[in-house]
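*Asks:* Quick check, what structure comes out for this input:
(4 chains, ligands or ions: 6)
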Amino acid sequence: MSLRPETFKSLIKLAAERVIASAPELTSLDQAIGDGDHGFNMKRGFEAVLGKLDAISEQPFDEALKTIGKTLVMTVGGASGPLYGSFFLAAGEALSHDKHLPEDIADVFGSGVNAVSARGRSQAGEKTMLDVLVPVLETLKNAAGQPDLIARVSTTAAEAVERTAPMRATKGRASFLGPRSVGHIDPGARSSCVLVQAVCASLEGKQ
Amino acid sequence: MSLRPETFKSLIKLAAERVIASAPELTSLDQAIGDGDHGFNMKRGFEAVLGKLDAISEQPFDEALKTIGKTLVMTVGGASGPLYGSFFLAAGEALSHDKHLPEDIADVFGSGVNAVSARGRSQAGEKTMLDVLVPVLETLKNAAGQPDLIARVSTTAAEAVERTAPMRATKGRASFLGPRSVGHIDPGARSSCVLVQAVCASLEGKQ
Amino acid sequence: MTDAVGIVIVSHSKDIAKGTADMVRQMVGSEVKVAFCGGNPDGGLGTSVSLIVDAINDAWSAKGVAILVDLGGAETNSEMAVEMLEPARRDLVVVCNAPIVEGAVMAATEAAGGSSLAQVKAVAEELSAD
Amino acid sequence: MTDAVGIVIVSHSKDIAKGTADMVRQMVGSEVKVAFCGGNPDGGLGTSVSLIVDAINDAWSAKGVAILVDLGGAETNSEMAVEMLEPARRDLVVVCNAPIVEGAVMAATEAAGGSSLAQVKAVAEELSAD
Ligand SMILES: Nc1ncnc2c1ncn2[C@@H]1O[C@H](COP(=O)(O)OP(=O)(O)O)[C@@H](O)[C@H]1O
Ligand SMILES: Nc1ncnc2c1ncn2[C@@H]1O[C@H](COP(=O)(O)OP(=O)(O)O)[C@@H](O)[C@H]1O
Ligand SMILES: [Mg+2]
Ligand SMILES: [Mg+2]
Ligand SMILES: [Mg+2]
Ligand SMILES: [Mg+2]
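*Replies:* Ligands and ions are numbered 1, 2, ... in the order given. Have a look, this model is predicted:
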């Protein structure tokens, strides 16, 4: 089994559309503990990705992921831009080095997560997108090869978002709020969940 | 002997005119170790004083000095504004409290110097206007009652300006330059000298 | 709104002052009163005591006002402006020893949480080396 | 001019970036190359990697370039921009951990004295608490 170009294209398309559709929610989450632009930022970035979708889907997967990464870096305009950008750039780079989809998904995703952590000088537990990305990576490793892998990844992402609410932010703008960041879901965690679940939905064919 | 209102008026007028005339020099000194606005700042302040000269010269001396101080505070626009402003406000305040000109000149001038030092959290030796004001105060005390007091004050001021050149600035913008502030005369020291010498010239009748 | 310490931004540059106020407002919305001024009385780079006095009065809150300044002259002129306020207001205004942009964002975020003037000042000043 | 480290100012706000550049230029004249950018790709508050790349290239000096940033995203985007430079330039660019306005003035004044990139960065960072 190998990932087909059409599957890849519709997967990117769905992910972008879902992020764009969730912009109002992301913005309102960022209004509570940040500067209220995460929705606009992600929308700008993924609209740019959609604009290049045809070109992207003609590239080999590794190049396609790097193009997405570079596009996000160049268009998002918030801290999340270089973070998500680095994720896709590193994931593409992993594919350029003997990794293949779908079988090496955990390794490829792991490269992306490491890149976010390095770029953000952050780790899970700091109330950021990593609090979704890291648990998702764990599930990708632990449930590899299981028939319900996709469903478990989706559930993991949803649960991980909720677990950011009681956390106190120590990275990003929300960290300015100190203890008052507690009680709110992190906007970047939510956007990561939207992306991950869109990929799951696309792969399961329930678009 | 007591200071006559006409003498006071022509003294203020000459001081203001001389500062305004020295604006290009003050600006070029401030270009070397600051932001190059000291001439503009002092000119703006003393033009405002000149604009109120008639009103000022109808006030009692204490009120007149306070009006000058307040005018400088409101119009200079640089660090020197509140510093010179505080000098005149405090000198006026001293006159409101049983001090008289010319006999208490050292006390009145001393009140002004203390106010500069308090406002600027600074003292002599830091390459500022205080490096002229403090030596002038010393001469006012030491040579009080001497026939050549005025000449000695004038010489003190001129020499004190030159002594700021080898100093390293630790207050004001020039302090950003660290060791590179050495070798340049402090602009505020120069403007203090211009003011002091204008008063001396006016009192000696050599306008 | 009246429950939050007010924030005043005093820069040598009106652009910096305005941009900082924009960033602060993006972070705290209208929960905190923010006023700004910049430029000398001629509109060039510098500060103006009378504009600072006006800004303090604009951002006035019963909980007090925290002023953020950039370089030396802005601080000296702000301290002078505080002394020119009506006596009852003077003790409720502090000039923070903090970087202007970063300090203003920190101070405003803290103020939005309902903190006291002393807390707002302390949080802004955590950013400062001296 | 080519003997001085270049200065790049990256703020979320174009106004802050411009005002900071004005203040820097008033202090150091044209002895030091200064470039600035601010705003996200739509012109709102934020930063733009491609504008940062352009600013670095505009302020380019053989002695290197010091970047001053305001809050988190500006730093992350600046670091990203450095990595997007042609390889020979990357090691000659540093992002200073310093307050944007005060740090830029300090850095530029130090650069005007002919100091090295490391010295310029160190002087700017003296202002920072962490
Ligand atoms: N250092 C970091 N490491 C990981 N994620 C971060 C970091 N800083 C911010 N984030 C994520 O980015 C999100 C905010 O993105 P966004 O609002 O687009 O940028 P900005 O904070 O610049 O306005 C946060 O909710 C958080 O998940
Ligand atoms: N803290 C201080 N104490 C005493 N004098 C000072 C202080 N700071 C600055 N000055 C004086 O002010 C002068 C600079 O004034 P000016 O150029 O008008 O203001 P700015 O530095 O705000 O541009 C300096 O040359 C110095 O003499
Ligand atoms: Mg945001
Ligand atoms: Mg933002
Ligand atoms: Mg000056
Ligand atoms: Mg000035």
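*Asks:* Could you pull out the helices in chain A for me?
*Replies:* Ranges of helices within chain A are A:5-21, A:23-33, A:38-51, A:53-58, A:61-75, A:80-96, A:105-120, A:130-142, A:149-163, A:187-203, based on DSSP state H.
*Asks:* no no, chain C
*Replies:* Assigned by DSSP H, the helices in chain C fall at C:14-28, C:49-58, C:72-83, C:87-90, C:100-112, C:117-125.
*Asks:* Is the last one in proximity to chain D?
*Replies:* Just to be clear, that refers to helix C:117-125. No - using CB under 8 Å from any CB of the partner chain, helix C:117-125 stays clear of chain D, coming no nearer than 8.7 Å. C-betas here are computed from N, CA, C, even on glycine.
*Asks:* buried residues in that helix?
*Replies:* Neighbour counts over helix C:117-125 (16 or more other CB atoms under 10 Å in any protein chain shown) mark C:117, C:119-121, C:123-125 as buried.
*Asks:* Roughly how far does the closest residue to A:Gly85 other than its chain neighbours sit from A:Val132?
*Replies:* Nearest in space to A:Gly85, with sequence neighbours left out and distances taken as CB to CB, 6 or more residues apart in numbering or on different chains, is A:Val73 at 3.4 Å. According to CB to CB, to the nearest Å, A:Val73 stands 20 Å off from A:Val132.
*Asks:* how deep is residue 76 tucked in, by neighbour count?
*Replies:* Because you didn't say which chain, this covers chain A. Around A:Val76 there are 32 other residues, counting by other CB atoms under 10 Å in any protein chain shown.
*Asks:* please go with chain C instead
*Replies:* 26.
*Asks:* now do C:Ala59
*Replies:* Residues lying near C:Ala59 (other CB under 10 Å) number 22.
*Asks:* tell me the pLDDT at the nearest residue in space to it that is not next to it in sequence?
*Replies:* Nearest non-adjacent residue to C:Ala59, counting by CB to CB, 6+ apart: C:Gly6, 3.4 Å away. Predicted confidence (pLDDT) for C:Gly6: 98.
*Asks:* A:Ala124 versus C:Gly6, what's the distance?
*Replies:* To A:Ala124, C:Gly6 is 38 Å away according to CB to CB.
*Asks:* Next one: C:Asp42 from B:Arg44, what distance?
*Replies:* From C:Asp42 to B:Arg44 the distance is 6 Å (CB to CB).
*Asks:* residues contacting C:Asp58?
*Replies:* Residues in contact with C:Asp58 (CB atoms under 8 Å, 6 or more residues apart in numbering or on different chains) are C:8, C:33, C:35.
*Asks:* so which of these would you say is closest to ligand 3?
*Replies:* Nearest to ligand 3 among the contacts of C:Asp58 is C:Lys33, at 22.7 Å by CB to the ion.
*Asks:* who in chain A is up against chain C?
*Replies:* Looking at chain C, the residues of chain A close enough under CB under 8 Å from any CB are A:31, A:34-37, A:173, A:176-177, A:180.
*Asks:* Farthest pair within those?
*Replies:* Across the residues of chain A next to chain C, the longest distance by CB to CB is 19.1 Å; it joins A:Asp37 and A:Arg180.
*Asks:* neighbour count winner among these two?
*Replies:* A:Asp37 (28 against 19).
*Asks:* That one is in contact with C:Gln26, isn't it?
*Replies:* Yes - using CB atoms under 8 Å, A:Asp37 is in contact with C:Gln26, at 7.4 Å.
*Asks:* which residues are common contacts for those two?
*Replies:* Shared contacts of A:Asp37 and C:Gln26, defined by CB under 8 Å, 6+ apart, are found at D:Leu45.
*Asks:* follow-up on the earlier one: who has more neighbours, C:Gly6 and A:Ala124?
*Replies:* Each of C:Gly6 and A:Ala124 has its neighbours counted (other CB under 10 Å); C:Gly6 has more, 29 against 20.
*Asks:* residues contacting that one?
*Replies:* C:32-35, C:56, C:59-61, C:63-66, C:111.
*Asks:* Need those in JSON lines (columns: pLDDT and distance to C:Val101).
*Replies:* Listed next are those as JSON lines, based on pLDDT from 0 to 100; distance: CB to CB, whole Å:
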{"residue": "C:Val32", "pLDDT": "96", "distance to C:Val101": "16"}
{"residue": "C:Lys33", "pLDDT": "97", "distance to C:Val101": "18"}
{"residue": "C:Val34", "pLDDT": "98", "distance to C:Val101": "13"}
{"residue": "C:Ala35", "pLDDT": "98", "distance to C:Val101": "16"}
{"residue": "C:Ile56", "pLDDT": "98", "distance to C:Val101": "19"}
{"residue": "C:Ala59", "pLDDT": "97", "distance to C:Val101": "17"}
{"residue": "C:Trp60", "pLDDT": "97", "distance to C:Val101": "23"}
{"residue": "C:Ser61", "pLDDT": "96", "distance to C:Val101": "21"}
{"residue": "C:Lys63", "pLDDT": "97", "distance to C:Val101": "23"}
{"residue": "C:Gly64", "pLDDT": "98", "distance to C:Val101": "21"}
{"residue": "C:Val65", "pLDDT": "98", "distance to C:Val101": "18"}
{"residue": "C:Ala66", "pLDDT": "98", "distance to C:Val101": "14"}
{"residue": "C:Ala111", "pLDDT": "96", "distance to C:Val101": "16"}
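*Asks:* from these, which is closest to B:Ala115?
*Replies:* Of all those, B:Ala115 sits closest to C:Ile56, with 21.8 Å by CB to CB.
*Asks:* how far away is that closest one from C:Glu83?
*Replies:* With distances taken as CB to CB, C:Ile56 is found 11 Å from C:Glu83.
*Asks:* Those two - which one has more neighbours?
*Replies:* Set C:Ile56 next to C:Glu83 and count neighbours by other CB under 10 Å: C:Ile56 wins out with 25 against 16.
*Asks:* wait, the more buried one sits on C:Val95?
*Replies:* No - C:Ile56 lies out of contact with C:Val95 (CB under 8 Å); the separation is 10.4 Å.
*Asks:* what do those two both touch?
*Replies:* Taking CB under 8 Å, 6+ apart as the contact rule, C:Ile56 and C:Val95 both touch C:67, C:82.
*Asks:* so where's chain A uncertain?
*Replies:* Within chain A, the stretches with pLDDT under 70 are A:1, A:206-207.
*Asks:* Right, I'll call it a day here.
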